[in-house]
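Visitor: structure of the sequence below:
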Amino acid sequence: MNPAGAQKLNPAIVNDYFNKLDVVLSKLGLKSRPQNIYYMDEKGVRLTLHHKQHVLSKTGAKRVHIVSREHAENVTVVACTNAIGNVIPPVVLFKGVRCRKSFKAGLPPCSRVLMTTKGSMTGEVFVKWIEHFAQYKPPGPTLLIMDGTKCHLDISIVDEAEEHEITLFCLPNSTTHELQPLDKAVFCSFEHYWDQQLLHFREQYPEDPDRKLTKDTFSEVFTPVWGKCMNLSNISNGFRAMGIYPFDRTVIPEEAFAPSSVRHREEEQDVEDNAPLSERLAALSLGSRDSAKMKNKINSPFQELMPSSCKKIKKTISAPRKKAITTEHKS
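Guide: Down below sits the predicted model:
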């Protein structure tokens, strides 16, 4: 976990998020209409294995290898589902300018392919995705929950969403590792099935063990994986675990806030240390008998450890001051 995630995932921010989500759901009347509560997210997919694999070999073999490209092209898949498990057809973002027909062949029904300069989401592409989303969402007011990435925040996106009765709702920054339904329930299984299907893709052509996955053959791996991970159970469990539907602000466990608790104590201490000197002196001067007793207790150990010569010096310094005070009082 990065420092930003540890700091931002704290009870104050999460409670504020659930308060605002509660207001929006009530205002749109969606607490009893889960079919109009959607969440979208982008999934980066490298055209190679995503994790290290276990390799079977003969007993005693010390060097066993599986060859895979270290640096492969990145593809972005835009996924979107609602709280009852309905899935919007995916949008695949390839790097490049021209889109070939072979890029679309074999993808899930009604999928769309868009070309971008880096194979990732941009503001202009997100407007096109809103148009795609509006074709398949149910009629009526719809809530679309997403992360607050820069490419999701533009006035043109808001205008396009308003035309289709879509209300955009952003998750708090650096909290998506605990508040994203797709990350928790869908994308984890996607990683597992992706590597499994890619190995199967290579095994189909034993005469070409170094066969690479390309844009033209992307659907041969992606489409089976998409069907396995985008199932009703995974999706509904994700929305339930994040407290979106059914709405439940208590689903995030206390241990999830543990990394931020140390930061909270440090901030409280900083506030106390940085308080104005006048306030700190006023707080000390407001002491009662208990504070006076405590002060004596604090000073007593030092007085006991103080050498006798120092005690005599202290008395001689304080004696004239007492005498001056009493003289003024008599006059």
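Visitor: what about the helices in the protein?
Guide: For the chain, applying DSSP state H gives helices covering 3-8, 11-28, 101-104, 123-134, 155-163, 176-179, 181-185, 187-203, 218-229, 232-241, 258-273, 277-285, 289-305, 308-330.
Visitor: neighbours of residue 166, how many?
Guide: The tally of other residues near residue 166 (other C-beta atoms under 10 Å) stands at 20. From N, CA and C alone the C-beta is placed, and that goes for glycine too.
Visitor: nope, residue 224 is what I was after
Guide: 16.
Visitor: OK, contacts around the spatially closest residue to it that is not a sequence neighbour?
Guide: Closest residue to residue 224 apart from its sequence neighbours, by C-beta to C-beta, 6 or more residues apart in numbering: residue 197 at 5.4 Å. Residue 197 makes contact with 221, 224-225, according to C-beta atoms under 8 Å, 6 or more residues apart in numbering.
Visitor: next one: residue 238
Guide: 39, 181-182, 184-186.
Visitor: try it again at 10 Å.
Guide: Neighbour list for residue 238: 39, 81, 83, 85, 180-188, 244 [criterion: C-beta atoms under 10 Å, 6 or more residues apart in numbering].
Visitor: nearest to residue 156, of these?
Guide: Closest approach between these and residue 156, by C-beta to C-beta: residue 39, at 21.6 Å.
Visitor: tell me what the closest one is bridged to.
Guide: Beta-bridge pairing for residue 39 (DSSP bridges): residue 81, residue 145.
Visitor: start at 19, not 1
Guide: That works, and once the first residue is 19, the last one we named lands at residue 57.
Visitor: looks like it contacts residue 188 (just checking).
Guide: No: if you go by C-beta atoms under 10 Å, residue 57 and residue 188 don't touch, sitting 11.5 Å apart.
Visitor: which one's more surrounded, these two?
Guide: Set side by side, residue 57 and residue 188 show more neighbours around residue 57, with 28 against 15, by other C-beta under 10 Å.
Visitor: can you pull the pLDDT of the closest residue to residue 235 other than its chain neighbours?
Guide: Using C-beta to C-beta, 6+ apart and skipping residues adjacent in sequence, the residue nearest residue 235 is residue 219, 7.6 Å away. If you check residue 219, the pLDDT there is 89.
Visitor: thanks again, I'm all set now.
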